[in-house]
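*Asks:* just to be clear, the model below is a prediction. Sequence and coordinates:
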Amino acid sequence: MSRPPVNAFDKGFVDAWNGCLDGIDFATTAVLHIRSGQKVFSAGADLKMMREIFSSEAAAANLVEHVAGMQNVFNRIEALSCVTVAEIGGSALGGGFELALSCDLRIVAHGALVGLPETRIGLIPGAGGTQRLTRLCGEAVAKRIILGCDMVDGQVAERIGLAQWSVPDAELRGFADTTVARIAGLSIAALVASKRCIAAGGTDIKTGLLLERLETLRLLDMDDTHQRVGAFLKK
């Protein structure tokens with residue numbers, strides 16, 4: 001991402017995200033790697049846009065429309081068949097952290113700050129923050145971050161489940177590149193099948209186990225699977 005200075009979300013940035021997602025061939029894509037070209041990951045809502053919204057007579061409707069646009073982008077990212085990785089090398093706050101929460105995996109630098117501080121200005125993290133954070137970490141952590149308005153560094157984020165990895169700032173880019181390259185070398189079909197099965201984790205166990213069997217049968221219909229299994233067995 002490179003929308004100076006802080007990758008803030010306005011309508012244009014939302015539209016750009018939709019255009020980016022429209023242009024990716026996910027049939028041949030194993031990983032979507034999201035990193036920032038700025039000093040921060042994303043600071044959330046664009047302040048200029050917020051001033052314009054709140055100076056209008058239709059402030060409420062305009063704000064909800066913008067939030068709905070962000071929700072749509074994050075829903076699209078969450079629903080992607082490929083693995084999604086957010087590399088957080090600077091602050092990821094508000095909508096910026098909600099973007100990261102829509103990804104499968106989060107890698108955070110020790111010195112980065114993440115949080116959902118919307119309650120400070122009388123709003124809520126309404127672009128999926130209340131929902132995804134609760135589903136990810138449970139009510140206790142969600143209440144700490146949202147109700148306590150607690151912004152935490154990368155090490156704390158990993159410890160309480162907001163991220164899967166936290167690494168020293170200087171090692172972030174290399175670690176993220178290595179992790180993404182490793183995932184990219186895996187079977188795309190197996191990754192897609194695994195994501196479907198993980199998504200079914202909230203259902204009853206019998207349904208989940210049935211899905212595992214069906215996905216296994218589907219994979220065994222593919223030449224790539226037989227080639228990978230054959231190469232493994234030869235070792």
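*Replies:* Cool, the structure landed. As the structure is a prediction and not an experimental result, all values here were calculated from the model.
*Asks:* drop to CA atoms for contacts and neighbour counts, all remaining ones
*Replies:* Noted.
*Asks:* gap between the spatially most central residue of the chain and Gly185?
*Replies:* For the chain, Cys103 is the residue whose C-alpha lies nearest the centre (Cα atoms, centre = their mean; 2.0 Å). To Gly185, Cys103 is 19 Å away according to Cα to Cα, to the nearest Å.
*Asks:* with Leu136 instead?
*Replies:* In terms of Cα to Cα, Leu136 sits 27 Å off from Gly185.
*Asks:* cool, and Ala200?
*Replies:* Counting by Cα to Cα, the gap from Ala200 to Gly185 is 25 Å.
*Asks:* and the two? Which one has more around it.
*Replies:* Ala200 (16 against 10; other Cα atoms under 10 Å).
*Asks:* quick one, what contacts that one?
*Replies:* 207-208 (Cα atoms under 8 Å, 6 or more residues apart in numbering).
*Asks:* I'd like the distance between it and Ala193.
*Replies:* Per Cα to Cα, Ala200 is found 11 Å from Ala193.
*Asks:* for Arg35, same thing?
*Replies:* 25 Å.
*Asks:* do Leu233 as well
*Replies:* Counting by Cα to Cα, the gap from Leu233 to Ala193 is 22 Å.
*Asks:* the more surrounded of those two?
*Replies:* Ala193 (21 against 8).
*Asks:* got the domain ranges for the protein?
*Replies:* 11-184, 188-234 (automatic domain parsing).
*Asks:* got CSV for those, with mean pLDDT and distance to Arg3 too?
*Replies:* Converted to CSV, the domains of the chain look like this (pLDDT from 0 to 100; distance: least, Cα to Cα, whole Å):
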stretch, mean pLDDT, distance to Arg3
domain 11-184, 96, 8
domain 188-234, 95, 30
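*Asks:* need the winner for burial among these.
*Replies:* Among the domains of the chain, domain 11-184 has the highest mean neighbour count (mean count of other Cα atoms under 10 Å), at a mean of 18.
*Asks:* now do the end-to-end distance for it.
*Replies:* Rule used - Cα to Cα; the end-to-end distance of domain 11-184 is 31 Å.
*Asks:* could you do stretch 76-91 as well?
*Replies:* Span of stretch 76-91 from end to end, Cα to Cα: 23 Å.
*Asks:* please compute how far it lies from its chain's middle.
*Replies:* Here stretch 76-91 shows a centroid-to-chain-centroid distance of 3 Å under the convention Cα atoms, centre = their mean, to the nearest Å.
*Asks:* okay then, goodbye and thanks.
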